[in-house]
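S.K.: attaching a predicted model along with its sequence, questions to come.
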Amino acid sequence: MRFAGSTALVTGGAGFIGSNLVTALLKEGAKVRVVDNFFSGSAENLEEVRGKIELIEGSVSSREIMREALKGVDYVFHLATVNIIAAVSFPLLEEETNVRGTVNLLELCKDLHIKRFLYTSSVSVYGFAQRFPISEDTPPSFTSIYPAGKYAGEAYSLAFHKLFGVPITILRYSNVYGPKQSPQNPYSGVISKFFLWAIKGEPLRIYGNGKQTRDFVYVDDVVEATLRAALLPSVVGEVFNIATGKETSINQLAEKIVSLVNPYAELKVEYLPNREIDSIPRRVLNIEKARNILGWQPLVDLEEGLRKTYEWFKTQTLEDLNFG
Ligand SMILES: NC(=O)c1ccc[n+]([C@@H]2O[C@H](COP(=O)([O-])OP(=O)(O)OC[C@H]3O[C@@H](n4cnc5c(N)ncnc54)[C@H](O)[C@@H]3O)[C@@H](O)[C@H]2O)c1
């Protein structure tokens, strides 16, 4: 019960990672408040915790809503985000949420006595990195709107820490996967899309030649890193990669998922032209800092994580999985 007696605010708590974090915080004894405008999250993600949390429907960029939402809060977990795909179509909404929403929260927090402001960023801020595995001191490089906004949020967090002493910690998550990453959400990650297509017996659609690699990390490991980072006093002002340090190509991922869903099926893949928004050829992270300082390491390997994710898919109805 590491959070017993404390109150935690989770912005974006109706989303994929946020809803998993909410469940974990409740188990750890926290009182949990969620603010979400359901842009990409859903009330179903919070079904199992209904009645156990306070849910505020609204935007992180609203001054009034966030002032109310922050009352009596010890820990802020800031996950509300307009994601990488939506950001390209709606750059102003991305800026309003990812940048101004963050500044709004930080500005309100500077006059409060919160224990920690946990800002969730993304390893997409490294763009086309040249040295692998990518460590936290690699300079950012912006290939799209979303990483620019996520990095702006980091920069503001650090500035509010230095100027006003807001106790921030920044986590850069790699590609996260697991239960509640709904394929119905048009912005969902590759693993949930692959599961959906494999279950439907459709070809798996791959942008580019499938040789691009990513560092896939299971959501329970990400949640545990997030809890540790919020609790540890020595990590105020620090930035951590949260990943596995292992790289998997999209082609390998496709094979693993198809053989899990139907071991006798032939792998059918449809290759599509590269997408500008996420055409990075290689991504694998150095996680030594998180290992050494947070005392954290990923416990779920890709095979086990995919099995757990598939178990969740099997609990979903055909409508949930967008069979219509
Ligand atoms: N999923 C990943 O692979 C991944 C990778 C790197 C970083 N991250 C970071 O993790 C965090 C959570 O991402 P996720 O994958 O759970 O995404 P998600 O889209 O499932 O969750 C984001 C949540 O924010 C909510 N939201 C959007 N705009 C809002 C606003 N103005 N006010 C309040 N709520 C709003 C959405 O409705 C949604 O519930 C984000 O900060 C994201 O940048 C995720």
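M.R.: Great, that's in hand. Numbers count the residues shown, from 1 in each chain.
S.K.: correct me, but residue 198 touches residue 259?
M.R.: No: here residue 198 lies out of contact with residue 259, judged by C-beta atoms under 8 Å, at a distance of 9.2 Å. From N, CA and C alone the C-beta is placed, and that goes for glycine too.
S.K.: give me the buried positions along the lengthiest helix in the chain.
M.R.: Counting by DSSP state H, the longest helix found in the chain is helix 145-164. Of the residues in helix 145-164, 145-154, 156-158, 160-161 count as buried by neighbour count, 16 or more other C-beta atoms under 10 Å.
S.K.: which helices and strands sit right next to it?
M.R.: Contacts defined by 3 or more C-beta pairs under 8 Å, 6 or more residues apart in numbering; DSSP states H and E place helix 145-164 against helix 84-89, helix 91-94, helix 101-109, strand 116-122, strand 168-173.
S.K.: and that helix, what's its mean pLDDT?
M.R.: Model confidence over helix 145-164, given as mean pLDDT, is 97.
S.K.: tell me the angle that helix makes with strand 116-122.
M.R.: Computed by axes from the mean of the first three to the mean of the last three C-alpha atoms, to 10 degrees, the angle separating helix 145-164 from strand 116-122 equals 160 degrees.
S.K.: and residue 303, what does it touch?
M.R.: Contacts for residue 303 were tallied using C-beta atoms under 8 Å, 6 or more residues apart in numbering; they are residue 256.
S.K.: measure it to residue 279 for me?
M.R.: According to C-beta to C-beta, to the nearest Å, residue 303 stands 27 Å off from residue 279.
S.K.: kindly report the same for residue 170.
M.R.: 25 Å.
S.K.: more neighbours: which of those two?
M.R.: Set side by side, residue 170 and residue 279 show more neighbours around residue 170, with 23 against 14, by other C-beta atoms under 10 Å.
S.K.: look up phi and psi at the nearest residue to that one once chain neighbours are set aside.
M.R.: Taking C-beta to C-beta, 6 or more residues apart in numbering, and ignoring the residues beside it in sequence, residue 170 has residue 239 as its nearest neighbour in space, at 4.4 Å. Main-chain torsions, residue 239, degrees, to the nearest 10: phi -120, psi 130.
S.K.: so residue 239 makes contact with residue 154?
M.R.: Yes: with the criterion set as C-beta under 8 Å, residue 239 and residue 154 qualify as a contacting pair; they are 7.1 Å apart.
S.K.: which of the buried residues of helix 145-164 are close to the ligand?
M.R.: residue 150 (C-beta under 6 Å from any ligand atom).
S.K.: isn't residue 102 up against residue 158?
M.R.: No: when contacts are counted by C-beta under 8 Å, residue 102 is not listed as touching residue 158 (11.5 Å).
S.K.: if we can go back for a sec, what's the overlap in contacts for residue 239 and residue 154?
M.R.: Both residue 239 and residue 154 are in contact with 121, 170, where contact means C-beta under 8 Å, 6+ apart.
S.K.: get me the contact residues on the chain for the ligand.
M.R.: 11-12, 14-18, 35-41, 59-61, 79-83, 97, 101, 120, 122, 150, 173, 175-176, 189.
S.K.: buried among those? Need that as a selection in PyMOL.
M.R.: Below is the selection syntax for PyMOL that covers the buried ones among these, with 16+ other C-beta under 10 Å defining burial:
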select buried, resi 11+12+14+15+16+17+18+35+36+37+39+40+41+59+60+61+79+80+81+82+83+97+101+120+122+150+173+175+176+189
